[in-house]
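>>> Dropping a prediction and its sequence here:
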Number of protein chains: 2
Amino acid sequence: MTTLPKRLLVGRAMRSDQLRETLLPKRLALPVFCSDPLSSNAYATEEILLALSVGGLALLHLTWAVAAGVVLLLAVVVLSYRQTCHAYPTGGGAYAVSRANLGQSAALVAASALLIDYVLTVAVSVAAGVANVVSAFPSLGRYAVPLSLAMVLVLTVANLRGLRESGSLFAVPTYGFVVMVFLMLGTGAVRMAVGTPPVAESAAYRIAPAGHLTGLLALAIVLRAFSQGCTALTGVEAVSNGVPNFRPPKGRNAATTLAVMGAMTIAMFAGITALAVAAHVRIADNPARLIGAPAGYQQRTVIAQLAAAVFGGASPLFYLVQAFTALILILAANTAYNGFPILASILGSHGFLPRQFGRRGDKLVFSNGIIILALLAGGLIAAFDASTTRLIQLYIVGVFVSFTLSQFGMVRHWSRVLATERDRRERRRLHRSRAVNAVGATVTAVVLVVVLVSKFSHGAWLVVIAMPLVFLLMRGISRHYRRVDDELAPEPGGVVLPPRVHAVVLVSRIHKPTLRALAYARATRPDSLTALTVATGTGEAAALQAEWADRGIPVPLTVLDSPYRDITRPVLDFVHSQHTSGPRDVTVVYVPEYVVGRWWEQLLHNQSALRLKARLLFEAGVMVTSVPWRLRSARTAAGRASRPPAVPAA
Amino acid sequence: MTTLPKRLLVGRAMRSDQLRETLLPKRLALPVFCSDPLSSNAYATEEILLALSVGGLALLHLTWAVAAGVVLLLAVVVLSYRQTCHAYPTGGGAYAVSRANLGQSAALVAASALLIDYVLTVAVSVAAGVANVVSAFPSLGRYAVPLSLAMVLVLTVANLRGLRESGSLFAVPTYGFVVMVFLMLGTGAVRMAVGTPPVAESAAYRIAPAGHLTGLLALAIVLRAFSQGCTALTGVEAVSNGVPNFRPPKGRNAATTLAVMGAMTIAMFAGITALAVAAHVRIADNPARLIGAPAGYQQRTVIAQLAAAVFGGASPLFYLVQAFTALILILAANTAYNGFPILASILGSHGFLPRQFGRRGDKLVFSNGIIILALLAGGLIAAFDASTTRLIQLYIVGVFVSFTLSQFGMVRHWSRVLATERDRRERRRLHRSRAVNAVGATVTAVVLVVVLVSKFSHGAWLVVIAMPLVFLLMRGISRHYRRVDDELAPEPGGVVLPPRVHAVVLVSRIHKPTLRALAYARATRPDSLTALTVATGTGEAAALQAEWADRGIPVPLTVLDSPYRDITRPVLDFVHSQHTSGPRDVTVVYVPEYVVGRWWEQLLHNQSALRLKARLLFEAGVMVTSVPWRLRSARTAAGRASRPPAVPAA
């Protein structure tokens, strides 16, 4: 990106010492890190109802039981993760905890799971957000994919601009969503109390079961409903990963935020589920199985149906609920924009991903991670037609892998601390902590198995394939970096200087770039200087030699014959023979090169030179020197780029 | 492409002096250069019938008149082009003739027309070839596009292997097609004589006219039928373009070949049309307008219907006709594979296309042109669903543009020769030649207008847009090259040597590549030597300095501070300040660079170095030297590539 558009897009560059300033107070950390679990209330209830609808109306009375299971699980996980926040104020993501307590391989498994789930968080949240926009404006239905991709783009730019601005930008919609949901629940409760309970638009429809309902099938359906409801748990990870971004005392503030988030989510999830049951919301995974619905009936999201039932489908409050729901879902995707690049940067600095991920851009964010995340999520949205229901099948497996590893890691952590701690009160506290995490680990491990089994054939197998691939990729990269490091470690003795330096200047014709390359080469006073040209036709070489003599150029011109018209091979052979005659000497090959200002000019120039340069670098004892000749267009381009960036003086 | 797969694919490299050996005797030149006009008999009659079918059965009796017009035109054009072969033994394509006689702009117009038509020749011929395969094996119908693309690929590889092999490879199918068609015509004639005339499978159907047939509409339909029939003329150009590939006497041999081809085409075209009329072949542009046809009736090509009527639809001879028809059509595409790269190479050497087109690959063919042609034709086939009827709408406009320009050029040519010729007999001959070309020019100009008007709205408008674009592109490239040449022309005085050489070695950490770069830089004995590192974090620089001191490296380490973590800018500023303090000095920046053997390793290394190098080349008075460090993988790759190519010793 050239300088000016980049500045317009991502804002002013930031100095490294501005890093501290982006630490977040709790009231801003909550929207930044908790929009994901809060927002999942927008679809968790819906996913439970959808899963149960496979059994027709017969299983809908189990909604309560499933929801209760999810609430319990949520409480366990939040409690477990509060321990992590306290124990790892420098960032207690599953990767860090596993690495510290379970070793490298477990940590990489956790990392693979997390990377994949961050991508899915973006895809699922954006798709669900757009689904709520479509529920308010049904005519937008066929633009769901482009709308979703546009949302991803907006998020990407916002995040490239920096974390802090995200915090304030995202506070209003998050709190707005919470307020609107509680307002809706409160109004619904009041209406029920005064005897005019809200009735959903779909309350009159019946649902045809997908097949004959056996006991085993019913169990499978209920387990899948539970798995789907577990989406409410995603994002807890982001808080513990983001501990370093909290204001000190980091651990305590993060734990408090987590508790507040947990309480809010449980209240909202329970409330929405209760209201949906009371208002008789009917929703089916396949709209054709809704009996009594008019032809062409478009199912709206559960939130939309409830808001319409409580406030009226054309009231401003209905549109406000939909707006905030869509917004918080879009922002939930932002949780991943915080988590993914940080994790990728840690993996990059540990040598498990390319090192570029570890480099902060000039806005102090990890630009590469942000861009990769956006590309992957956008690809998934496009591949799955922005369908929340299809995307959600891939979701959660990764989350529970990392939950389980992280909680087991915490158990080990407390055991290790216990081994040295002697204070009895403190030991009791540690024992309690370990018990909490042990329960968490066991519960999440069981849920992981349930999720895997109940979702495998519905799409989760994709993740089961992708996770090991990511794992192996990271292991491979790490092995490569380690091997290269070994290869490059300098010997203690130092390096012997090459006794002689030979200069070779490549000549194709006599023009300014060639003459400049010759002059520069002569200025370095090499031990030998050869002007080299390759004759591919018959007449050319003679003409060149004549002009060479005419101009009285004080360097002899060596002509290589190339019956196969290949320019590269003769030059390589020449350089190689020089190396053979003086194995410790070094040869500098000067390549006159056009520097162009426009991309298409590159197609018209330098093609042979580039190919030759790439091959020369493979020869031993060779350096390749580009002697640039800036074409007029390049000088204009350089002027444009070297304009000082709009930054405050240090 | 690495060496071994390339050799397997395209065969052994050829020396420049082997070029003469690829000259073609007439019996091989005919299939190579004439398969296009010969093969068009496979669809020319069909296109006339299709065009007339718009008027229902009412206009079918005009088939004869239209065919007669095409035969007449063919005779005129062949006679005209024979003159060109005699006059331009070095290659008398429309481009060369226009350039010599009508000037640069006319030549570029001709070139644009030819380039586009070569692409269409490939697309149309391959699509028609596959259509004949499908006529023999109807179940292949839905694989038409992939089959066509596979054919393009086969042709591309064959041509990258070299022209000579093409000649012998292509002789059998061409002569086979000619023999089979004449056998079919002869058998048909005998059957008519003995009273059992062949009857086409579609003879019983009627055709509903597309609308009410007015006189004006009838005229338009007849003119369009004539335009469609003119496809029989394409390819004449290829013979005159290919004159240099004939054995001497080149001009005379080419003219003879052209005459033989003309006679063959006229006989075949007239015969097929006569047989189609006699056997009552009914074919409609829209199969729905065939009255009496069974539901789901798949129209077969006219050739297939005739062969089935004459020989029987399941006889081996039927399949033989289809096989040779398909083969010669595929080979017709080969005409363009001969013409396009040669034209592109001439345009490249004249500076109207990138210079790479002018470079012969190591099989003596112009590889770049072949590959571009294949990509463009493949794209057209994919875009038009391999439909001959839709592709053919774009065809022929370009052919007649170049015909007309070329013939007018020939008129000018003879006039110029006449101006100096004094011998009376010779003058009479020249006058006759000029008259032939004048008739040719006038006729083709009239036909060009007819073709343009009658096909414009059916698709020819695409070509009318594309031709000026190609023209402007070539003019733009030419202007660019000329401007650069002016810019690069050396002054007579010579170049002043830079008084001092400064060396700057970029250091990121202390490892072998850095130490080697330092050693190499010291070996060149520069006037000043700076080891330069950019500190982006806090601790790193101090650690580096400590290790630097520890190792006792005899060059001071300069640390640049980069609060914005950008590595490029501080280095550029440093180099720039050095340039300001000695504007005539030159600075050599040594960049330690990993040389990797596998493409993906490039993603893991060198990213910062590459970006920095590209920016440094924009600075004044700077050379950039890559000091390569070959990783182990690169050494293996180099070993593989440097294996001597399998060529005979000179």
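The structure has been received and is ready for your questions. Residues are numbered from 1 along each chain as shown, chains lettered A, B, ... in the order given.
>>> Which helix or which strand is home to the one residue sitting closest to the centre of chain A?
With distances taken as Cα atoms, centre = their mean, residue A:373 lies nearest the centre of chain A, 2.7 Å away. Counting by DSSP states H and E, the element that carries residue A:373 is helix A:367-383.
>>> what helices or strands is the helix or strand just after that helix leaning on?
Later in the chain than helix A:367-383, the nearest helix or strand by DSSP H and E is helix A:388-391. Helix A:388-391 sits against helix A:104-136, with contacts defined as 3 or more Cβ pairs under 8 Å, 6 or more residues apart in numbering or on different chains; DSSP states H and E. Placement of C-beta: from N, CA and C, glycine included.
>>> low pLDDT regions in chain A?
Confidence mapping of chain A against pLDDT under 70 gives the ranges A:1-22, A:92, A:162-169, A:359-365, A:493-494, A:537-538, A:564-565, A:606-607, A:637-650.
>>> which residue of it sits farthest from its center?
Relative to the C-alpha centroid of chain A, counting by Cα atoms, centre = their mean, residue A:550 is the outermost residue, at 62.6 Å.
>>> what's the spacing between that residue and chain B?
10 Å (Cβ to the nearest Cβ, to the nearest Å).
>>> if we can go back for a sec, the closest residue to the residue nearest to the centre of chain A other than its chain neighbours: what's it in contact with?
Nearest residue to residue A:373, sequence neighbours excluded (Cβ to Cβ, 6 or more residues apart in numbering or on different chains): residue A:340, at 4.5 Å. Neighbouring residues of residue A:340 by Cβ atoms under 8 Å, 6 or more residues apart in numbering or on different chains: A:115, A:118-119, A:369-370, A:372-373.
>>> Widest-spaced pair of those?
Maximum pairwise distance among the contacts of residue A:340 (Cβ to Cβ): 13.4 Å, between A:115 and A:370.
>>> of these two, who's got more company?
Counted by other Cβ atoms under 10 Å in any protein chain shown, residue A:115 and residue A:370 do not tie: residue A:115 has more neighbours, with 29 against 24.
>>> Correct me if wrong: that one contacts residue A:470.
Yes. If you go by Cβ atoms under 8 Å, residue A:115 and residue A:470 touch, sitting 6.0 Å apart.
>>> how about the strands of chain A, start to end?
Using DSSP state E, the strands of chain A run over residues A:206-207, A:290-291, A:501-506, A:528-535, A:557-561, A:586-595, A:622-630.
>>> Tabulate these (TSV), appending mean neighbour count and distance to residue A:516.
TSV is the format used below for the strands of chain A (neighbours: other Cβ atoms under 10 Å in any protein chain shown; distance: least, Cβ to Cβ, whole Å):
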stretch	mean neighbour count	distance to residue A:516
strand A:206-207	20	80
strand A:290-291	16	78
strand A:501-506	24	10
strand A:528-535	20	13
strand A:557-561	15	16
strand A:586-595	24	7
strand A:622-630	24	6
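>>> Next, format the ones you listed as a markdown table and append distance to residue B:394.
Compiled in a markdown table, the strands of chain A are given as follows (distance: least, Cβ to Cβ, whole Å):
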| stretch | distance to residue B:394 |
| --- | --- |
| strand A:206-207 | 55 |
| strand A:290-291 | 51 |
| strand A:501-506 | 44 |
| strand A:528-535 | 42 |
| strand A:557-561 | 46 |
| strand A:586-595 | 37 |
| strand A:622-630 | 42 |
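>>> Dump those into CSV; add distance to chain B as well.
Shown next, in CSV, are those (distance: least, Cβ to the nearest Cβ, whole Å):
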stretch, distance to chain B
strand A:206-207, 40
strand A:290-291, 37
strand A:501-506, 5
strand A:528-535, 10
strand A:557-561, 9
strand A:586-595, 5
strand A:622-630, 4
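>>> of those, which approaches residue B:347 most closely?
Across those, residue B:347 has its closest neighbour in strand A:586-595 (20.9 Å, Cβ to Cβ).
>>> who does the closest one pair up with?
Paired strands of strand A:586-595, with direction, are strand A:501-506 (parallel), strand A:622-630 (parallel) (DSSP bridges).
>>> how about the helices of the stretch 1-150 of chain A, start to end?
Ranges of helices within the stretch 1-150 of chain A are A:3-10, A:26-39, A:44-53, A:63-87, A:94-101, A:104-136, A:144-160, based on DSSP state H, counting those that start in this stretch.
>>> Convert the C-alpha atoms of the second one to PDB, please.
What follows is the C-alpha trace of helix A:26-39 in PDB, where atoms were taken according to Å, rounded to 0.1, in the frame of the first residue of the first chain:
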ATOM      1  CA  LYS A  26     -13.300  -2.700  32.700                       C
ATOM      2  CA  ARG A  27     -16.200  -0.800  31.200                       C
ATOM      3  CA  LEU A  28     -14.400  -0.800  27.800                       C
ATOM      4  CA  ALA A  29     -12.900  -4.300  28.200                       C
ATOM      5  CA  LEU A  30     -16.300  -5.800  28.600                       C
ATOM      6  CA  PRO A  31     -17.600  -4.800  25.100                       C
ATOM      7  CA  VAL A  32     -14.300  -5.600  23.500                       C
ATOM      8  CA  PHE A  33     -13.800  -9.000  24.900                       C
ATOM      9  CA  CYS A  34     -17.300 -10.100  25.900                       C
ATOM     10  CA  SER A  35     -19.400  -9.200  22.900                       C
ATOM     11  CA  ASP A  36     -19.000 -12.700  21.700                       C
ATOM     12  CA  PRO A  37     -20.500 -14.600  24.600                       C
ATOM     13  CA  LEU A  38     -23.100 -11.900  25.100                       C
ATOM     14  CA  SER A  39     -24.100 -11.800  21.500                       C
END
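>>> If you count neighbours, what's buried in it?
Within helix A:26-39, the residues that count as buried by 16 or more other Cβ atoms under 10 Å in any protein chain shown are A:28-39.
>>> Just name the closest of these to residue A:635, please.
residue A:32 (45.4 Å).
>>> on that earlier part again, of all the helices of the stretch 1-150 of chain A, which one comes closest to residue A:259?
The minimum distance between residue A:259 and these falls on helix A:63-87, with 6.4 Å, by Cβ to Cβ.
>>> Give me the buried positions along that closest one.
Within helix A:63-87, the residues that count as buried by 16+ other Cβ under 10 Å are A:63, A:66-67, A:69-71, A:73-74, A:76-87.
>>> Could you do stretch A:307-315 as well?
Judged by neighbour count (16+ other Cβ under 10 Å), stretch A:307-315 contains these buried residues: A:307-311.
>>> I'd assumed residue A:530 was in contact with residue A:560.
No. Between residue A:560 and residue A:530 there is no contact under Cβ under 8 Å: 10.4 Å.
>>> The helices of the stretch 1-150 of chain A: which one's closest to chain B?
Relative to chain B, the nearest member of those by Cβ to the nearest Cβ is helix A:3-10, separated by 10.1 Å.
>>> does residue A:604 really touch residue B:479, like I thought?
No. The criterion here is Cβ under 8 Å, and residue A:604 misses it with residue B:479 at 11.3 Å.
>>> Domains in chain A, by residue range?
Chain A resolves into domains spanning A:24-290+A:300-481, A:501-641 when parsed by automatic domain parsing.
>>> out of these, deepest packed?
A comparison of those by mean neighbour count, using mean count of other Cβ atoms under 10 Å in any protein chain shown, puts domain A:24-290+A:300-481 on top with a mean of 21.
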